[in-house]
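S.K.: Provide a 3D model corresponding to the input given below.
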Amino acid sequence: MQLGLDRESDNPLVEQIVRALARWLMEGKVRAGARMPSIRQLATDNKVSPSSVVEAYARLVAQGAVVPRQGSGFFASESPASVVSEQPGNLEDPRWAQFDASPALLRLGCGWVPTDWRDADCLGHAIRRVTREDPTALFSYNSPMGLPALRTQLQRRLSQVHIHAQTQQILTTQGASHALDLIVRTLLRPGDTVIVEDPGYYNLFNLLALHQVQVLAVPRGKEGPDPDRLEALLRDHRPKLMFVNSMYQNPTGTSLSPRVAHRLLRLAEQRDFLLVEDDIYADFQNGPSTRLAALDGLNRVIYLASFSKTLSCSLRVGYVVGPLTVTPRLAEVAQATGLGTQRFAESVVATLLASGAWRKSLERLRQRLASSMAHTLKCLAEHRWEVFAEPQGGMFVWARHPGATPGEYMAKAAALGILLTPGDAFRPAGQPTEWLRLNVAYCADPRARAFFKAVATPRRG
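M.R.: Next comes the predicted model:
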């Protein structure tokens, strides 16, 4: 049986064997339950090693395409349609397009830096070190509050930004989204009211809707959420929580000013609600900063952050810091819903922090983002785009072109192989908007420059 393998292809031979046999099955060239060609026959006919064929069959078994029988070989599954499609990803839900789309598309609206900007060598070294020096991290459950070594490192990092916490106030999480989920599960009930920013983080809006929490929106300005609009809302409503991005807010890129921060804290004290400070972009900080948790001393502020944006999205290591009356309750919910966090991932992060390797890697990432931010703002100005505010750091610019519609953005981006995140995704109720989130880490690509120009070019009648 000839599989038509291409030895000049970049695709490994094993993958080619899997795809060829999958096509053969899907095209109905063998009936369900029939015996598949033997390992020796496929290896001989296609001049490959038997081990390559064995691995290919193992993958097909895992996909449910073939079934092994002891001493008899492999047989076609009764459900050949279970073979995995050759086209990766599932684009049925547009909200997930950034995760599932073809790597060939330019993710101009995504929420992370490109993979080749990550320090793979630094991360790989830490993983090998943990595997060698702490093998129990590969197999053991974590401490309920998180790895003690990591929490100690976090305590030191927090003190550098004037947030002084005891280790008992620090709980590690599986990323910032997990921290938000724990806060909502623990402190809110269906029908409770919270305040969010408009525009703001779309996954927070989804989470609150899932838990049937009532949402009130405060416009996000250049210095933070509008305190006058907030005060007006508080005359008629009694929210339990308010969610705020302090630095380089998603999607506007703006940061909290001292004036607005002090006003928020006074209103929280007067109206008896807690502030949830989402500082996930804190590590991109280039200059002076204002953090609610530093001003408040963790009395009315619950602070959270994550290493997903600067280290690895896959490791999923974040943390939440709060009053001593709150953090243990969050830990109880974390244990009840997922038996805590991953010890191995936290050991890797703790190793990177302790060695200083993460700090050096982060500095390179900051410099690269700063350069990309300057380039992007210049390019947008050249093509007469309007910027909501010039960010002092981070990865996002909230921009629009006068007269352009969301439909025009999407159509012109699609024609250039660009994937955008619609601006309405960042509105609490999905309200239409002509503003667009741009990730500066991807704006040096020629397709991004072509997109900015195409939107700015007047249509001919």
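
S.K.: what about the protein, any weak spots by pLDDT?
M.R.: Filtered on pLDDT under 70, the chain yields the residue ranges 10, 79-97, 100-102, 459-461.

S.K.: domains for it, by residue range?
M.R.: Per automatic domain parsing, the domain ranges recorded for the chain read 13-82, 94-117+360-456, 120-355.

S.K.: Deepest-packed of those, please.
M.R.: Mean neighbour count (mean count of other C-beta atoms under 10 Å) peaks for domain 120-355 among the domains of the chain, with a mean of 19. Glycine gets a C-beta too; all of them are placed from N, C-alpha and C.

S.K.: Now do the same contact list for residue 434.
M.R.: 400, 404, 405, 406, 423 (C-beta atoms under 8 Å, 6 or more residues apart in numbering).

S.K.: what does residue 405 give?
M.R.: So residue 405 contacts residue 434 (C-beta under 8 Å, 6+ apart).

S.K.: please renumber so the chain begins at 20
M.R.: With the count now opening at 20, the last piece we talked about shows up as residue 424.

S.K.: State the distance from it to residue 451.
M.R.: From residue 424 over to residue 451 the distance is 9 Å, taken as C-beta to C-beta, to the nearest Å.

S.K.: Could I get the domains of the chain in JSON lines, plus columns for distance to residue 26?
M.R.: Shown next, in JSON lines, are those (distance: least, C-beta to C-beta, whole Å):
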{"stretch": "domain 32-101", "distance to residue 26": "7"}
{"stretch": "domain 113-136+379-475", "distance to residue 26": "23"}
{"stretch": "domain 139-374", "distance to residue 26": "28"}
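
S.K.: coming back round to it: mind putting the contacts of residue 453 in CSV, distance to residue 129 included?
M.R.: Listed next are the contacts of residue 453 as CSV, based on distance: C-beta to C-beta, whole Å:
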residue, distance to residue 129
419, 19
423, 20
424, 22
425, 17
442, 14
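
S.K.: Which members of the residues you listed are positioned in strands?
M.R.: residue 419 (DSSP state E).

S.K.: ok, so of the contacts of residue 453, who is nearest residue 389?
M.R.: residue 419 (23.3 Å; C-beta to C-beta).

S.K.: Quick check: that closest one vs residue 337, distance?
M.R.: 32 Å.

S.K.: what do you get for residue 178?
M.R.: Distance, residue 178 to residue 337, using C-beta to C-beta: 18 Å.

S.K.: Next, work out how far apart the nearest residue to residue 444 once chain neighbours are set aside and residue 184 are.
M.R.: Leaving aside its chain neighbours, residue 444 sits nearest to residue 221 (4.7 Å; criterion: C-beta to C-beta, 6 or more residues apart in numbering). Plainly put, residue 221 is 29 Å away from residue 184 if you go by C-beta to C-beta.

S.K.: ok, now residue 208?
M.R.: Distance from residue 208 to residue 184, by C-beta to C-beta: 27 Å.

S.K.: Quick one: list the elements packing against the top strand by length along the chain.
M.R.: For the chain, the strand with the greatest residue count under DSSP E is strand 233-240. Contacts defined by 3 or more C-beta pairs under 8 Å, 6 or more residues apart in numbering; DSSP states H and E place strand 233-240 against strand 212-217, helix 221-229, helix 246-253.

S.K.: please redo it, this time with the cut-off set to 7 Å
M.R.: The elements that strand 233-240 packs onto, with contact taken as 3 or more C-beta pairs under 7 Å, 6 or more residues apart in numbering; DSSP states H and E, are strand 212-217, helix 246-253.

S.K.: And these: which comes nearest residue 401?
M.R.: strand 212-217 (29.6 Å).

S.K.: which other helices and strands contact that closest one?
M.R.: Short answer (3+ C-beta pairs under 7 Å, 6+ apart): strand 212-217 packs on helix 221-229, strand 233-240, strand 260-264.

S.K.: just how off-centre is the longest one within its chain?
M.R.: Just to be clear, that refers to helix 221-229. On the basis of C-alpha atoms, centre = their mean, to the nearest Å, helix 221-229 is displaced by 15 Å from the centre of the chain it belongs to.

S.K.: what's the answer for the second one, then?
M.R.: For strand 233-240, the distance between its averaged C-alpha position and the chain's averaged C-alpha position is 23 Å (C-alpha atoms, centre = their mean).

S.K.: what angle separates that strand from helix 221-229?
M.R.: Strand 233-240 runs at 160 degrees relative to helix 221-229, counting by axes from the mean of the first three to the mean of the last three C-alpha atoms, to 10 degrees.

S.K.: and the angle for strand 233-240 with helix 246-253?
M.R.: Using the same axes, to 10 degrees, strand 233-240 lies at 160 degrees relative to helix 246-253.

S.K.: Mind listing the strands strand 233-240 pairs with, and their directions?
M.R.: strand 212-217 (parallel), strand 243-244 (antiparallel) (DSSP bridges).

S.K.: As a markdown table, those with distance to residue 226 would be great.
M.R.: Below are those laid out as a markdown table (distance: least, C-beta to C-beta, whole Å):
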| stretch | distance to residue 226 |
| --- | --- |
| strand 212-217 | 11 |
| strand 243-244 | 19 |
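
S.K.: Among the ones you listed, which comes closest to residue 471?
M.R.: So among the strands paired with strand 233-240, strand 212-217 is nearest, using C-beta to C-beta, at 25.5 Å.

S.K.: Kindly export the closest one (C-alpha atoms) in CSV.
M.R.: The C-alpha trace of strand 212-217 is given here as CSV (Å, rounded to 0.1, in the frame of the first residue of the first chain):
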residue,chain,number,x,y,z
THR,A,212,-24.9,43.8,41.7
VAL,A,213,-21.3,44.7,40.6
ILE,A,214,-19.6,47.6,38.8
VAL,A,215,-17.5,47.0,35.7
GLU,A,216,-15.6,49.3,33.3
ASP,A,217,-16.9,50.1,29.8
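
S.K.: mind checking the longest helix of this structure?
M.R.: The helix that spans the most residues within the chain, counting by DSSP state H, is helix 376-401.

S.K.: Give the next helix or strand downstream of that one.
M.R.: strand 405-406 (DSSP states H and E).

S.K.: helices or strands up against that next one?
M.R.: Looks like strand 405-406 contacts strand 415-419 (3+ C-beta pairs under 7 Å, 6+ apart).

S.K.: between the strand it packs on and strand 233-240, how many degrees?
M.R.: Calculated by the same axes, to 10 degrees, strand 415-419 forms an angle of 80 degrees with strand 233-240.

S.K.: From the contact counts, what lies against strand 415-419?
M.R.: If you count contacts as 3+ C-beta pairs under 7 Å, 6+ apart, strand 415-419 packs onto helix 376-401, strand 405-406, strand 455-458.

S.K.: got a markdown table for these, with distance to residue 245 too?
M.R.: Compiled in a markdown table, the helices and strands packed on strand 415-419 are given as follows (distance: least, C-beta to C-beta, whole Å):
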| stretch | distance to residue 245 |
| --- | --- |
| helix 376-401 | 24 |
| strand 405-406 | 19 |
| strand 455-458 | 20 |
